[in-house]
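Enquirer: my questions concern the predicted model and sequence given below.
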Amino acid sequence: MTALTALATGPRPPEPDPMLPRLFRVVSTRRDTADTHTLVLEAVDGGTLPFRPGQFTMLHSFGVGEVPISISGDPAHPELLQHTVRDVGSVTASICAAGPGTVLGVRGPFGTGWDVADGKGGDVVLVAGGIGLVPLRPAILEVLADRSAYGRVALLYGTRTPEDVVYPDELRTWAAEHDVAVGLTVDHGSPGWTGAVGLVSRLVSRARFDALNALALVCGPEIMMRAIATGLRDRGVSGTRVRLSMERTMKCGIGLCGHCQLREHFVCLDGPVFDLDRISPLLTKWEL
């Protein structure tokens, strides 16, 4: 860069501090299940928060603490940040209790994404267990925004009970209006439940997709993902086309603290989305 160019362009603005939370105000909330809530937020400074499906933020409740939460919103609308949060501790309880007008801190977005566009021209298989549907929702919305670019789309979803299903209205809409083959199963059927009962891994062998050109995105408990990965490989899906979200406990989001280390990987930096071929040697190791 010449001195004249430098004078014309001026100094570069400083990079934002990744450890400094940005202020977001809660716009609306919704209770999804007995312990799960969805919050829609907007930046206090009026800006946007572009993100890639599969990424997460560090969501901060002032005076309580912060936790990593997958982004569940629509990547086509970065002016709104959406998080679906399960109440499992003091921080998430505080976030779930936040009403409209509450200001929360947000760091990020962090991590790798699903890279959904890699599935264009072929079939897409999404497999979720429990709250694992949350980080897959942005990927589904990206596919549906360009539905004709993809072949068959199958969403295989398992929860503990029918009452634990998140986004039930959207599941019906995706199936009825967007040609998504939704397979739903529960571990324990409540009285009146007429749907499938059993492990979500059983749905993989029956789902209709072309394994040779399919892209598979998987999120849920690690024991479930092991079984799903085996089922997808048995169907003939390449390990480079199977992607798993390894949502280990993350603290800093930038690879400094080591809380999320998975042998040589830092999940917050190298993940949370990994190709199966890259992560499969570690899936067989318990309690890493």
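Expert: Noted; the coordinates are in hand.

Enquirer: and the pLDDT for residue 5?
Expert: Looking at residue 5, its pLDDT reads 51.

Enquirer: what about residue 24, neighbour count?
Expert: By other C-beta atoms under 10 Å, 25 other residues sit near residue 24. No exception for glycine: its C-beta is placed from N, CA and C like everyone else's.

Enquirer: which elements pack onto the helix or strand where it lies?
Expert: Element membership for residue 24, per DSSP states H and E: strand 22-33. With contacts defined as 3 or more C-beta pairs under 8 Å, 6 or more residues apart in numbering; DSSP states H and E, strand 22-33 has these neighbours: strand 36-43, strand 103-110.

Enquirer: make CSV out of those strands and add mean neighbour count.
Expert: CSV is the format used below for the helices and strands packed on strand 22-33 (neighbours: other C-beta atoms under 10 Å):
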stretch, mean neighbour count
strand 36-43, 20
strand 103-110, 20
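
Enquirer: can I get these in TSV including mean pLDDT?
Expert: Putting these into TSV (pLDDT from 0 to 100) gives the following:
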stretch	mean pLDDT
strand 36-43	98
strand 103-110	96
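
Enquirer: to residue 130, which of these lies closest?
Expert: Closest approach to residue 130 among those (C-beta to C-beta): strand 36-43, 9.6 Å.

Enquirer: what's the first helix or strand after the closest one?
Expert: Next in sequence after strand 36-43, counting helices and strands by DSSP H and E, comes strand 56-61.

Enquirer: so what strands line up beside that following strand?
Expert: Its sheet considered, strand 56-61 pairs with strand 65-70 (antiparallel), strand 103-110 (antiparallel) by DSSP bridges.

Enquirer: just the CA atoms of the shortest one, as CSV, please.
Expert: In CSV, the C-alpha atoms belonging to strand 65-70 read as follows (Å, rounded to 0.1, in the frame of the first residue of the first chain):
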residue,chain,number,x,y,z
GLY,A,65,-22.8,-16.1,33.6
GLU,A,66,-22.6,-17.2,30.0
VAL,A,67,-23.1,-20.4,28.1
PRO,A,68,-22.6,-21.6,24.5
ILE,A,69,-25.9,-21.8,22.6
SER,A,70,-26.4,-22.8,19.0
